[in-house]
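Peer 1: This is the structure alone, sequence omitted:
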(Lines give C-alpha, C1' and ligand atoms only; values in the text may rest on other atoms or scores of the structure.)
Protein backbone atom coordinates (compact mmCIF):
# COMPACT_ATOMS: atom_id res chain seq x y z
CA UNK A 1 0.00 0.00 0.00
CA UNK A 2 2.93 2.32 0.77
CA UNK A 3 4.42 1.55 -2.64
CA UNK A 4 1.13 2.42 -4.30
CA UNK A 5 0.92 5.76 -2.49
CA UNK A 6 4.51 6.59 -3.46
CA UNK A 7 3.80 5.73 -7.08
CA UNK A 8 0.77 8.00 -7.30
CA UNK A 9 2.65 10.77 -5.51
CA UNK A 10 5.46 10.43 -8.05
CA UNK A 11 2.93 10.41 -10.87
CA UNK A 12 1.55 13.67 -9.54
CA UNK A 13 5.10 15.09 -9.45
CA UNK A 14 5.66 14.12 -13.07
CA UNK A 15 2.50 15.71 -14.41
CA UNK A 16 2.88 18.81 -12.23
CA UNK A 17 6.43 19.18 -13.59
CA UNK A 18 5.07 18.82 -17.12
CA UNK A 19 2.37 21.41 -16.39
CA UNK A 20 4.76 23.90 -14.79
CA UNK A 21 7.52 23.45 -17.37
CA UNK A 22 5.11 23.44 -20.30
CA UNK A 23 3.35 26.55 -18.96
CA UNK A 24 6.59 28.48 -18.61
CA UNK A 25 7.70 27.37 -22.09
CA UNK A 26 4.38 28.55 -23.53
CA UNK A 27 4.72 31.93 -21.82
CA UNK A 28 8.25 32.28 -23.23
CA UNK A 29 6.97 31.23 -26.69
CA UNK A 30 9.12 28.09 -26.69
CA UNK A 31 8.02 24.58 -27.68
CA UNK A 32 6.49 22.64 -24.81
CA UNK A 33 9.13 19.92 -25.19
CA UNK A 34 11.69 22.30 -23.67
CA UNK A 35 9.56 22.89 -20.59
CA UNK A 36 8.87 19.18 -20.13
CA UNK A 37 12.58 18.29 -20.07
CA UNK A 38 13.52 21.14 -17.72
CA UNK A 39 10.65 20.17 -15.44
CA UNK A 40 12.00 16.61 -15.40
CA UNK A 41 15.45 17.82 -14.32
CA UNK A 42 13.89 19.67 -11.37
CA UNK A 43 12.11 16.57 -10.02
CA UNK A 44 14.99 14.21 -10.76
CA UNK A 45 16.98 12.51 -7.99
CA UNK A 46 20.08 14.58 -8.85
CA UNK A 47 18.64 18.02 -8.05
CA UNK A 48 17.39 19.47 -4.72
CA UNK A 49 13.70 19.64 -3.96
CA UNK A 50 10.85 17.14 -4.51
CA UNK A 51 12.03 14.05 -6.39
CA UNK A 52 10.42 10.91 -7.75
CA UNK A 53 11.31 7.81 -5.74
CA UNK A 54 11.58 5.26 -8.56
CA UNK A 55 12.28 6.39 -12.11
CA UNK A 56 12.00 2.84 -13.47
CA UNK A 57 8.19 2.94 -13.26
CA UNK A 58 8.07 6.13 -15.28
CA UNK A 59 10.54 4.85 -17.85
CA UNK A 60 7.99 2.10 -18.56
CA UNK A 61 5.15 4.63 -18.82
CA UNK A 62 7.32 6.83 -21.02
CA UNK A 63 7.62 3.94 -23.46
CA UNK A 64 3.86 4.20 -23.98
CA UNK A 65 4.40 7.80 -25.06
CA UNK A 66 6.95 6.64 -27.64
CA UNK A 67 4.54 3.96 -28.88
CA UNK A 68 1.57 6.33 -29.20
CA UNK A 69 3.56 9.03 -30.98
CA UNK A 70 5.14 6.58 -33.42
CA UNK A 71 1.70 5.04 -33.98
CA UNK A 72 0.25 8.44 -34.87
CA UNK A 73 3.22 9.20 -37.15
CA UNK A 74 2.60 5.95 -38.98
CA UNK A 75 -1.05 6.95 -39.36
CA UNK A 76 -0.12 10.27 -40.96
CA UNK A 77 2.84 9.08 -43.00
CA UNK A 78 1.72 6.94 -45.93
CA UNK A 79 3.66 4.31 -47.85
CA UNK A 80 3.57 6.63 -50.86
CA UNK A 81 5.46 9.23 -48.81
CA UNK A 82 8.10 6.66 -47.90
CA UNK A 83 8.49 5.48 -51.48
CA UNK A 84 9.12 9.04 -52.66
CA UNK A 85 12.28 9.21 -50.52
CA UNK A 86 13.26 5.53 -50.58
CA UNK A 87 16.76 5.99 -52.02
CA UNK A 88 17.91 8.86 -49.82
CA UNK A 89 16.43 7.02 -46.81
CA UNK A 90 17.50 3.43 -47.50
CA UNK A 91 20.96 4.28 -48.82
CA UNK A 92 21.56 7.75 -47.38
CA UNK A 93 20.49 6.75 -43.84
CA UNK A 94 23.15 4.03 -43.35
CA UNK A 95 25.70 6.21 -45.19
CA UNK A 96 25.11 9.02 -42.67
CA UNK A 97 25.60 6.63 -39.75
CA UNK A 98 28.89 5.34 -41.19
CA UNK A 99 30.13 8.89 -41.82
CA UNK A 100 29.19 9.94 -38.26
CA UNK A 101 31.17 7.03 -36.80
CA UNK A 102 34.09 7.86 -39.11
CA UNK A 103 34.03 11.52 -38.00
CA UNK A 104 34.03 10.45 -34.34
CA UNK A 105 37.04 8.18 -34.96
CA UNK A 106 38.96 11.07 -36.55
CA UNK A 107 38.12 13.50 -33.75
CA UNK A 108 38.80 10.86 -31.11
CA UNK A 109 42.27 10.22 -32.51
CA UNK A 110 43.19 13.86 -31.89
CA UNK A 111 41.64 13.91 -28.40
CA UNK A 112 43.16 10.65 -27.23
CA UNK A 113 39.97 8.59 -27.14
CA UNK A 114 40.48 4.88 -27.55
CA UNK A 115 38.93 3.57 -30.80
CA UNK A 116 36.22 1.64 -28.93
CA UNK A 117 35.00 4.78 -27.13
CA UNK A 118 35.10 6.76 -30.38
CA UNK A 119 33.00 4.18 -32.24
CA UNK A 120 30.39 4.10 -29.46
CA UNK A 121 30.16 7.92 -29.38
CA UNK A 122 29.89 7.97 -33.18
CA UNK A 123 27.04 5.45 -33.11
CA UNK A 124 25.25 7.34 -30.34
CA UNK A 125 25.40 10.71 -32.11
CA UNK A 126 24.43 9.24 -35.49
CA UNK A 127 20.80 8.53 -34.57
CA UNK A 128 18.41 11.50 -34.54
CA UNK A 129 15.17 11.37 -32.58
CA UNK A 130 12.22 10.53 -34.83
CA UNK A 131 9.84 11.45 -32.02
CA UNK A 132 11.27 14.93 -31.43
CA UNK A 133 11.58 15.64 -35.14
CA UNK A 134 8.09 14.38 -35.93
CA UNK A 135 6.60 16.50 -33.13
CA UNK A 136 8.33 19.64 -34.42
CA UNK A 137 7.25 18.94 -38.01
CA UNK A 138 3.67 18.32 -36.89
CA UNK A 139 3.61 21.57 -34.91
CA UNK A 140 4.92 23.47 -37.95
CA UNK A 141 2.65 21.66 -40.44
CA UNK A 142 5.66 20.42 -42.44
CA UNK A 143 5.33 16.65 -42.03
CA UNK A 144 4.27 16.21 -45.67
CA UNK A 145 6.69 18.74 -47.16
CA UNK A 146 9.62 17.48 -49.22
CA UNK A 147 12.18 18.05 -46.47
CA UNK A 148 9.75 16.62 -43.89
CA UNK A 149 9.36 13.37 -45.85
CA UNK A 150 13.13 13.07 -46.33
CA UNK A 151 13.84 13.71 -42.63
CA UNK A 152 11.27 11.20 -41.37
CA UNK A 153 12.37 8.63 -43.96
CA UNK A 154 16.00 8.92 -42.86
CA UNK A 155 15.22 8.76 -39.14
CA UNK A 156 13.00 5.71 -39.62
CA UNK A 157 15.86 3.92 -41.36
CA UNK A 158 18.09 5.03 -38.49
CA UNK A 159 15.59 3.47 -36.08
CA UNK A 160 15.90 0.20 -38.00
CA UNK A 161 19.69 0.53 -37.84
CA UNK A 162 19.47 0.78 -34.03
CA UNK A 163 18.24 -2.82 -34.00
CA UNK A 164 21.46 -3.93 -35.71
CA UNK A 165 23.68 -1.61 -33.65
CA UNK A 166 22.34 -2.92 -30.32
CA UNK A 167 23.53 -6.36 -31.36
CA UNK A 168 26.69 -5.18 -33.10
CA UNK A 169 28.12 -2.85 -30.44
CA UNK A 170 28.76 -5.55 -27.81
CA UNK A 171 30.87 -7.44 -30.39
CA UNK A 172 33.35 -4.55 -30.35
CA UNK A 173 34.69 -6.07 -27.12
CA UNK A 174 35.98 -9.62 -27.03
CA UNK A 175 34.78 -11.46 -30.13
CA UNK A 176 32.50 -14.22 -28.86
CA UNK A 177 31.49 -17.30 -30.87
CA UNK A 178 28.02 -17.11 -32.34
CA UNK A 179 27.85 -13.29 -32.40
CA UNK A 180 27.41 -13.13 -36.17
CA UNK A 181 24.67 -15.74 -36.00
CA UNK A 182 22.84 -13.54 -33.46
CA UNK A 183 22.97 -10.62 -35.88
CA UNK A 184 21.65 -12.82 -38.67
CA UNK A 185 18.86 -14.12 -36.43
CA UNK A 186 17.73 -10.55 -35.57
CA UNK A 187 17.62 -9.64 -39.26
CA UNK A 188 15.69 -12.84 -40.06
CA UNK A 189 13.15 -12.03 -37.35
CA UNK A 190 12.61 -8.55 -38.74
CA UNK A 191 11.98 -10.00 -42.19
CA UNK A 192 9.51 -12.57 -40.88
CA UNK A 193 7.56 -9.81 -39.13
CA UNK A 194 7.58 -7.29 -41.98
CA UNK A 195 6.36 -9.68 -44.69
CA UNK A 196 2.84 -10.28 -43.25
CA UNK A 197 2.27 -6.56 -42.82
CA UNK A 198 1.51 -6.09 -46.52
CA UNK A 199 -1.32 -8.63 -46.32
CA UNK A 200 -2.70 -7.15 -43.10
CA UNK A 201 -2.60 -3.63 -44.54
CA UNK A 202 -4.55 -4.62 -47.64
CA UNK A 203 -7.04 -7.17 -46.34
CA UNK A 204 -7.54 -7.68 -42.63
CA UNK A 205 -7.27 -4.27 -40.95
CA UNK A 206 -9.53 -2.28 -43.36
CA UNK A 207 -12.24 -4.94 -42.97
CA UNK A 208 -11.94 -4.87 -39.17
CA UNK A 209 -12.07 -1.08 -39.00
CA UNK A 210 -15.08 -0.95 -41.32
CA UNK A 211 -17.03 -3.30 -39.06
CA UNK A 212 -16.13 -1.24 -35.99
CA UNK A 213 -16.91 2.05 -37.77
CA UNK A 214 -20.39 0.81 -38.70
CA UNK A 215 -21.22 0.54 -35.01
CA UNK A 216 -20.55 4.33 -34.77
CA UNK A 217 -19.33 3.68 -31.22
CA UNK A 218 -16.49 6.08 -30.45
CA UNK A 219 -15.17 4.19 -27.42
CA UNK A 220 -15.02 0.89 -29.30
CA UNK A 221 -13.18 2.51 -32.21
CA UNK A 222 -10.57 3.98 -29.82
CA UNK A 223 -10.04 0.62 -28.09
CA UNK A 224 -9.55 -1.19 -31.40
CA UNK A 225 -7.05 1.45 -32.56
CA UNK A 226 -5.11 1.19 -29.29
CA UNK A 227 -5.21 -2.59 -29.49
CA UNK A 228 -3.68 -2.53 -32.98
CA UNK A 229 -0.95 -0.06 -32.01
CA UNK A 230 0.08 -1.58 -28.68
CA UNK A 231 -0.38 -5.15 -29.87
CA UNK A 232 1.87 -4.70 -32.89
CA UNK A 233 4.48 -2.92 -30.77
CA UNK A 234 4.45 -5.82 -28.30
CA UNK A 235 4.83 -8.29 -31.17
CA UNK A 236 7.91 -6.60 -32.58
CA UNK A 237 9.44 -6.29 -29.11
CA UNK A 238 8.91 -10.00 -28.50
CA UNK A 239 10.78 -10.66 -31.74
CA UNK A 240 13.76 -8.62 -30.52
CA UNK A 241 12.92 -5.42 -32.41
CA UNK A 242 11.90 -2.03 -31.02
CA UNK A 243 8.50 -1.02 -29.67
CA UNK A 244 8.64 2.17 -31.71
CA UNK A 245 9.14 0.25 -34.96
CA UNK A 246 6.11 -1.93 -34.29
CA UNK A 247 3.93 1.04 -33.39
CA UNK A 248 4.96 2.85 -36.55
CA UNK A 249 4.19 -0.19 -38.70
CA UNK A 250 0.75 -0.51 -37.07
CA UNK A 251 0.01 3.10 -37.91
CA UNK A 252 1.29 2.56 -41.43
CA UNK A 253 -1.20 -0.31 -41.87
CA UNK A 254 -4.16 1.90 -40.93
CA UNK A 255 -2.87 4.91 -42.88
CA UNK A 256 -3.89 3.31 -46.16
CA UNK A 257 -7.54 3.18 -45.08
CA UNK A 258 -10.15 5.92 -44.85
CA UNK A 259 -10.13 5.63 -41.05
CA UNK A 260 -6.65 7.04 -40.45
CA UNK A 261 -7.74 10.63 -39.74
CA UNK A 262 -10.39 9.61 -37.22
CA UNK A 263 -7.89 7.35 -35.45
CA UNK A 264 -5.43 10.24 -35.12
CA UNK A 265 -8.15 12.52 -33.79
CA UNK A 266 -9.18 9.96 -31.16
CA UNK A 267 -5.60 9.36 -29.99
CA UNK A 268 -4.36 12.96 -29.83
CA UNK A 269 -5.16 13.75 -26.19
CA UNK A 270 -3.94 10.41 -24.88
CA UNK A 271 -0.79 10.61 -26.97
CA UNK A 272 0.08 14.13 -25.84
CA UNK A 273 -0.25 13.19 -22.16
CA UNK A 274 2.14 10.24 -22.45
CA UNK A 275 4.57 12.16 -24.66
CA UNK A 276 4.80 14.82 -21.93
CA UNK A 277 5.54 12.06 -19.43
CA UNK A 278 8.30 10.73 -21.71
CA UNK A 279 10.15 14.04 -21.91
CA UNK A 280 9.82 14.68 -18.17
CA UNK A 281 11.32 11.24 -17.51
CA UNK A 282 14.25 11.95 -19.84
CA UNK A 283 14.96 15.17 -17.98
CA UNK A 284 14.89 13.36 -14.62
CA UNK A 285 17.63 10.95 -15.82
CA UNK A 286 20.21 13.70 -16.30
CA UNK A 287 22.82 14.09 -13.55
CA UNK A 288 24.06 17.71 -13.76
CA UNK A 289 27.10 17.04 -11.52
CA UNK A 290 28.68 14.46 -13.83
CA UNK A 291 27.93 16.67 -16.81
CA UNK A 292 29.73 19.67 -15.31
CA UNK A 293 32.72 17.54 -14.35
CA UNK A 294 33.11 16.39 -17.97
CA UNK A 295 32.21 19.58 -19.82
CA UNK A 296 34.97 19.06 -22.42
CA UNK A 297 33.45 15.73 -23.47
CA UNK A 298 29.99 17.33 -23.50
CA UNK A 299 31.18 20.23 -25.66
CA UNK A 300 32.83 17.90 -28.15
CA UNK A 301 29.74 15.68 -28.44
CA UNK A 302 27.53 18.72 -29.00
CA UNK A 303 29.94 19.95 -31.69
CA UNK A 304 29.86 16.56 -33.42
CA UNK A 305 26.06 16.50 -33.38
CA UNK A 306 25.40 20.09 -34.46
CA UNK A 307 28.30 21.00 -36.75
CA UNK A 308 29.47 17.56 -37.81
CA UNK A 309 26.07 16.08 -38.64
CA UNK A 310 24.98 19.28 -40.38
CA UNK A 311 27.88 18.99 -42.82
CA UNK A 312 27.40 15.23 -43.24
CA UNK A 313 23.67 15.39 -43.97
CA UNK A 314 23.91 18.41 -46.24
CA UNK A 315 26.37 16.45 -48.37
CA UNK A 316 24.39 13.19 -48.26
CA UNK A 317 21.07 14.77 -49.27
CA UNK A 318 22.73 16.78 -52.07
CA UNK A 319 24.37 13.55 -53.25
CA UNK A 320 20.90 12.17 -54.00
CA UNK A 321 19.98 15.15 -56.17
CA UNK A 322 17.83 17.21 -53.82
CA UNK A 323 17.93 21.04 -53.96
CA UNK A 324 20.32 22.89 -51.68
CA UNK A 325 17.37 24.35 -49.74
CA UNK A 326 16.02 20.85 -48.98
CA UNK A 327 19.50 19.62 -48.05
CA UNK A 328 19.96 22.49 -45.58
CA UNK A 329 16.53 21.97 -44.00
CA UNK A 330 17.05 18.21 -43.64
CA UNK A 331 20.51 18.75 -42.14
CA UNK A 332 19.08 21.25 -39.65
CA UNK A 333 16.42 18.80 -38.55
CA UNK A 334 18.91 15.98 -37.98
CA UNK A 335 21.27 17.98 -35.73
CA UNK A 336 19.99 16.35 -32.55
CA UNK A 337 19.92 12.97 -30.79
CA UNK A 338 17.15 11.44 -28.73
CA UNK A 339 15.49 8.32 -27.39
CA UNK A 340 17.30 5.71 -29.52
CA UNK A 341 20.65 7.21 -28.61
CA UNK A 342 19.68 6.42 -25.01
CA UNK A 343 19.17 2.80 -26.03
CA UNK A 344 22.61 2.59 -27.64
CA UNK A 345 24.44 4.31 -24.79
CA UNK A 346 22.68 2.09 -22.23
CA UNK A 347 23.67 -1.07 -24.14
CA UNK A 348 27.25 0.17 -24.34
CA UNK A 349 27.39 0.98 -20.62
CA UNK A 350 25.85 -2.32 -19.55
CA UNK A 351 28.45 -4.25 -21.59
CA UNK A 352 31.33 -2.21 -20.17
CA UNK A 353 32.23 -0.40 -23.38
CA UNK A 354 31.89 3.07 -21.82
CA UNK A 355 31.89 4.68 -18.37
CA UNK A 356 29.27 6.79 -16.62
CA UNK A 357 30.85 10.01 -17.92
CA UNK A 358 29.93 9.16 -21.53
CA UNK A 359 26.48 7.99 -20.43
CA UNK A 360 25.60 11.23 -18.62
CA UNK A 361 27.24 13.34 -21.33
CA UNK A 362 25.09 11.58 -23.94
CA UNK A 363 21.89 12.34 -22.01
CA UNK A 364 22.91 15.98 -21.58
CA UNK A 365 23.90 16.19 -25.25
CA UNK A 366 20.44 14.96 -26.15
CA UNK A 367 18.75 17.68 -24.09
CA UNK A 368 21.01 20.49 -25.30
CA UNK A 369 20.91 19.47 -28.97
CA UNK A 370 17.12 19.16 -28.84
CA UNK A 371 16.92 22.70 -27.42
CA UNK A 372 19.35 23.98 -30.07
CA UNK A 373 17.58 22.04 -32.79
CA UNK A 374 14.24 23.60 -31.91
CA UNK A 375 15.72 27.08 -32.29
CA UNK A 376 17.55 26.18 -35.50
CA UNK A 377 14.38 24.82 -37.09
CA UNK A 378 12.32 27.76 -35.87
CA UNK A 379 14.62 30.58 -37.00
CA UNK A 380 17.15 29.23 -39.50
CA UNK A 381 14.60 27.29 -41.55
CA UNK A 382 12.53 30.47 -41.90
CA UNK A 383 15.65 32.36 -42.99
CA UNK A 384 16.52 29.65 -45.54
CA UNK A 385 12.98 29.61 -46.89
CA UNK A 386 12.93 33.37 -47.44
CA UNK A 387 16.30 33.65 -49.24
CA UNK A 388 15.83 34.16 -52.96
CA UNK A 389 18.82 31.98 -53.87
CA UNK A 390 17.23 28.99 -52.12
CA UNK A 391 13.61 29.62 -53.04
CA UNK A 392 12.32 27.33 -55.78
CA UNK A 393 9.26 27.45 -58.08
CA UNK A 394 8.00 24.31 -56.36
CA UNK A 395 7.74 26.25 -53.11
CA UNK A 396 5.63 28.92 -54.79
CA UNK A 397 3.30 26.27 -56.18
CA UNK A 398 2.90 24.76 -52.71
CA UNK A 399 2.15 28.14 -51.15
CA UNK A 400 -0.38 28.92 -53.88
CA UNK A 401 -2.09 25.56 -53.33
CA UNK A 402 -2.32 26.17 -49.61
CA UNK A 403 -4.14 29.46 -50.24
CA UNK A 404 -6.77 27.96 -52.56
CA UNK A 405 -10.36 28.44 -51.37
CA UNK A 406 -12.89 25.67 -51.00
CA UNK A 407 -15.79 24.63 -48.78
CA UNK A 408 -15.87 22.15 -45.92
CA UNK A 409 -19.06 20.22 -45.13
CA UNK A 410 -19.30 18.63 -41.69
CA UNK A 411 -21.92 15.90 -41.94
CA UNK A 412 -23.19 14.48 -45.23
CA UNK A 413 -26.67 13.27 -44.35
CA UNK A 414 -29.82 14.53 -46.06
CA UNK A 415 -28.99 18.20 -45.51
CA UNK A 416 -25.23 18.06 -46.07
CA UNK A 417 -25.54 15.89 -49.18
CA UNK A 418 -28.05 18.30 -50.73
CA UNK A 419 -25.58 21.16 -50.23
CA UNK A 420 -22.77 19.01 -51.60
CA UNK A 421 -24.72 18.20 -54.77
CA UNK A 422 -25.35 21.92 -55.32
CA UNK A 423 -21.65 22.74 -54.90
CA UNK A 424 -20.70 19.88 -57.19
CA UNK A 425 -23.13 21.11 -59.85
CA UNK A 426 -21.42 24.50 -59.92
CA UNK A 427 -17.95 22.89 -59.75
CA UNK A 428 -17.12 24.44 -56.38
CA UNK A 429 -14.47 22.30 -54.62
CA UNK A 430 -15.35 20.97 -51.18
CA UNK A 431 -14.24 18.38 -48.64
CA UNK A 432 -16.63 16.28 -46.58
CA UNK A 433 -16.18 15.05 -43.00
CA UNK A 434 -18.59 12.18 -42.31
CA UNK A 435 -18.65 9.35 -39.75
CA UNK A 436 -20.93 6.93 -41.62
CA UNK A 437 -18.48 4.51 -43.30
CA UNK A 438 -20.94 3.60 -46.06
CA UNK A 439 -21.31 7.26 -47.09
CA UNK A 440 -17.53 7.71 -46.98
CA UNK A 441 -16.99 4.66 -49.17
CA UNK A 442 -19.58 5.88 -51.68
CA UNK A 443 -17.98 9.34 -51.86
CA UNK A 444 -14.53 7.86 -52.40
CA UNK A 445 -15.88 5.75 -55.25
CA UNK A 446 -17.19 8.95 -56.83
CA UNK A 447 -13.78 10.56 -56.43
CA UNK A 448 -15.01 13.19 -53.98
CA UNK A 449 -12.67 14.33 -51.16
CA UNK A 450 -13.94 12.88 -47.90
CA UNK A 451 -12.54 12.19 -44.43
CA UNK A 452 -13.99 9.58 -42.12
CA UNK A 453 -14.71 10.81 -38.60
CA UNK A 454 -16.53 13.32 -36.43
CA UNK A 455 -16.57 16.84 -37.90
CA UNK A 456 -16.23 18.25 -34.38
CA UNK A 457 -12.61 17.08 -34.13
CA UNK A 458 -10.11 19.88 -34.59
CA UNK A 459 -7.55 17.59 -36.23
CA UNK A 460 -10.04 16.49 -38.89
CA UNK A 461 -10.99 20.12 -39.56
CA UNK A 462 -7.31 20.88 -40.10
CA UNK A 463 -6.96 17.92 -42.48
CA UNK A 464 -10.01 19.12 -44.40
CA UNK A 465 -8.49 22.59 -44.81
CA UNK A 466 -10.86 24.61 -42.60
CA UNK A 467 -8.03 27.06 -41.86
CA UNK A 468 -8.11 28.36 -45.44
CA UNK A 469 -11.69 27.51 -46.45
CA UNK A 470 -14.02 30.05 -48.05
CA UNK A 471 -17.06 28.50 -46.35
CA UNK A 472 -17.78 25.86 -43.69
CA UNK A 473 -21.18 24.18 -43.41
CA UNK A 474 -22.02 22.37 -40.17
CA UNK A 475 -24.84 19.87 -40.76
CA UNK A 476 -24.24 17.59 -37.79
CA UNK A 477 -27.38 16.15 -36.18
CA UNK A 478 -26.12 16.26 -32.55
CA UNK A 479 -26.03 19.73 -31.02
CA UNK A 480 -22.98 18.95 -28.86
CA UNK A 481 -20.92 17.92 -31.88
CA UNK A 482 -22.20 20.90 -33.87
CA UNK A 483 -21.34 23.33 -31.07
CA UNK A 484 -17.82 21.89 -30.70
CA UNK A 485 -17.33 21.95 -34.47
CA UNK A 486 -18.25 25.64 -34.73
CA UNK A 487 -16.01 26.50 -31.77
CA UNK A 488 -13.02 24.68 -33.31
CA UNK A 489 -13.66 26.25 -36.72
CA UNK A 490 -13.60 29.70 -35.16
CA UNK A 491 -10.23 28.95 -33.52
CA UNK A 492 -8.77 27.77 -36.83
CA UNK A 493 -10.32 30.45 -39.04
CA UNK A 494 -11.96 33.40 -37.26
CA UNK A 495 -13.10 35.07 -40.49
CA UNK A 496 -14.69 32.18 -42.41
CA UNK A 497 -18.50 32.22 -42.81
CA UNK A 498 -19.97 29.27 -40.89
CA UNK A 499 -23.45 28.08 -41.84
CA UNK A 500 -25.06 25.70 -39.35
CA UNK A 501 -28.38 23.98 -38.91
CA UNK A 502 -30.28 23.60 -35.64
CA UNK A 503 -33.51 21.87 -34.65
CA UNK A 504 -34.80 24.50 -32.22
CA UNK A 505 -34.39 28.03 -30.91
CA UNK A 506 -32.24 27.04 -27.92
CA UNK A 507 -29.82 25.07 -30.12
CA UNK A 508 -29.71 27.91 -32.63
CA UNK A 509 -28.82 30.36 -29.88
CA UNK A 510 -26.04 28.08 -28.66
CA UNK A 511 -24.51 27.88 -32.13
CA UNK A 512 -24.59 31.64 -32.54
CA UNK A 513 -22.85 32.11 -29.19
CA UNK A 514 -19.90 29.95 -30.27
CA UNK A 515 -19.52 31.73 -33.61
CA UNK A 516 -21.93 30.51 -36.29
CA UNK A 517 -22.47 33.21 -38.94
CA UNK A 518 -25.93 31.97 -39.85
CA UNK A 519 -28.12 29.30 -38.29
CA UNK A 520 -30.83 27.59 -40.31
CA UNK A 521 -33.77 25.98 -38.52
CA UNK A 522 -35.51 23.50 -40.84
CA UNK A 523 -38.90 23.92 -39.12
CA UNK A 524 -38.72 27.72 -39.43
CA UNK A 525 -37.72 27.53 -43.09
CA UNK A 526 -40.52 25.06 -43.83
CA UNK A 527 -43.01 27.41 -42.16
CA UNK A 528 -41.59 30.40 -44.02
CA UNK A 529 -41.93 28.61 -47.35
CA UNK A 530 -45.56 27.69 -46.64
CA UNK A 531 -46.32 31.28 -45.59
CA UNK A 532 -44.66 32.67 -48.72
CA UNK A 533 -46.68 30.39 -51.00
CA UNK A 534 -49.91 31.04 -49.11
CA UNK A 535 -49.52 34.82 -49.32
CA UNK A 536 -48.62 34.54 -53.02
CA UNK A 537 -51.73 32.44 -53.76
CA UNK A 538 -53.90 34.90 -51.84
CA UNK A 539 -52.54 37.77 -53.88
CA UNK A 540 -50.74 39.75 -51.16
CA UNK A 541 -48.26 42.32 -52.58
CA UNK A 542 -44.72 40.80 -52.74
CA UNK A 543 -43.15 43.67 -50.75
CA UNK A 544 -45.49 43.12 -47.79
CA UNK A 545 -44.97 39.33 -47.95
CA UNK A 546 -41.17 39.71 -47.90
CA UNK A 547 -41.28 42.16 -44.99
CA UNK A 548 -43.49 39.78 -43.01
CA UNK A 549 -41.18 36.82 -43.70
CA UNK A 550 -38.19 38.76 -42.40
CA UNK A 551 -40.11 39.66 -39.21
CA UNK A 552 -41.20 36.02 -38.90
CA UNK A 553 -37.66 34.70 -39.15
CA UNK A 554 -36.39 37.32 -36.73
CA UNK A 555 -39.08 36.46 -34.18
CA UNK A 556 -38.00 32.80 -34.35
CA UNK A 557 -34.41 33.76 -33.55
CA UNK A 558 -32.91 33.39 -37.04
CA UNK A 559 -30.30 35.86 -38.16
CA UNK A 560 -29.71 36.10 -41.84
CA UNK A 561 -26.98 36.90 -44.34
CA UNK A 562 -29.47 36.92 -47.17
CA UNK A 563 -29.92 39.74 -49.62
CA UNK A 564 -33.33 38.34 -50.49
CA UNK A 565 -35.69 35.49 -49.64
CA UNK A 566 -34.54 31.94 -50.28
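Peer 2: Looks like it came in fine. Owing to the predicted nature of the structure, the values given are computational and were not obtained by experimental measurement. Residues are numbered from 1 along each chain as shown.

Peer 1: hey, what's residue 518 bridged with?
Peer 2: Residues in a beta bridge with residue 518, per DSSP bridges, are residue 499.

Peer 1: What is the burial count for it?
Peer 2: 17 (other Cβ atoms under 10 Å). Backbone N, C-alpha and C define where each C-beta goes, glycine included.

Peer 1: so where do the helices sit in the stretch 301-450 of the chain?
Peer 2: Listed in chain order, the helices of the stretch 301-450 of the chain (DSSP state H, counting those that start in this stretch) span residues 309-319, 324-333, 339-350, 356-375, 381-386, 393-402, 414-425, 437-445.

Peer 1: I'd like to know which of the ones you listed lies nearest to residue 286.
Peer 2: Nearest to residue 286 among the helices of the stretch 301-450 of the chain is helix 356-375 (4.9 Å), distances taken as Cβ to Cβ.

Peer 1: what packs against that closest one?
Peer 2: helix 32-42, helix 115-126, helix 130-140, helix 260-284, helix 288-293, helix 295-303, helix 339-350 (3 or more Cβ pairs under 8 Å, 6 or more residues apart in numbering; DSSP states H and E).

Peer 1: right, and the helix or strand after the third one?
Peer 2: Where DSSP states H and E defines the elements, the next helix or strand beyond helix 130-140 is helix 146-168.

Peer 1: per-domain residue ranges of the protein.
Peer 2: Using automatic domain parsing, the domain parsing of the chain gives 67-171+180-270+296-393, 407-520.

Peer 1: thinking again about what came up before, closest one to residue 475 among the helices and strands packed on helix 356-375?
Peer 2: Here helix 260-284 is closest among those (Cβ to Cβ), at 17.9 Å.

Peer 1: The closest one vs helix 32-42, what angle?
Peer 2: Angle of helix 260-284 versus helix 32-42, following axes from the mean of the first three to the mean of the last three Cα atoms, to 10 degrees, is 30 degrees.

Peer 1: Format the helices and strands packed on helix 356-375 as a markdown table; extra columns: mean pLDDT and mean neighbour count.
Peer 2: Below are the helices and strands packed on helix 356-375 laid out as a markdown table (pLDDT from 0 to 100; neighbours: other Cβ atoms under 10 Å):
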| stretch | mean pLDDT | mean neighbour count |
| --- | --- | --- |
| helix 32-42 | 83 | 24 |
| helix 115-126 | 89 | 24 |
| helix 130-140 | 73 | 21 |
| helix 260-284 | 77 | 23 |
| helix 288-293 | 80 | 14 |
| helix 295-303 | 90 | 17 |
| helix 339-350 | 74 | 21 |
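
Peer 1: Turn those helices into a markdown table, columns for distance to residue 75.
Peer 2: As requested, these are exported to a markdown table (distance: least, Cβ to Cβ, whole Å):
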| stretch | distance to residue 75 |
| --- | --- |
| helix 32-42 | 21 |
| helix 115-126 | 27 |
| helix 130-140 | 11 |
| helix 260-284 | 5 |
| helix 288-293 | 37 |
| helix 295-303 | 34 |
| helix 339-350 | 19 |
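
Peer 1: what's the nearest residue to residue 33 if we skip its chain neighbours?
Peer 2: residue 279 (5.6 Å; Cβ to Cβ, 6 or more residues apart in numbering).

Peer 1: And that neighbour, how close does it get to residue 58?
Peer 2: Look at residue 279 and residue 58: by Cβ to Cβ, to the nearest Å, they are 11 Å apart.

Peer 1: Ok, residue 206 next?
Peer 2: Distance from residue 206 to residue 58, by Cβ to Cβ: 36 Å.

Peer 1: same check, this time on residue 311
Peer 2: In terms of Cβ to Cβ, residue 311 sits 37 Å off from residue 58.

Peer 1: Comparing the two, which shows the higher neighbour count?
Peer 2: residue 58 (24 against 12).

Peer 1: doesn't residue 13 make contact with the more buried one?
Peer 2: No. At 9.4 Å, residue 58 does not count as touching residue 13 under the criterion of Cβ atoms under 8 Å.
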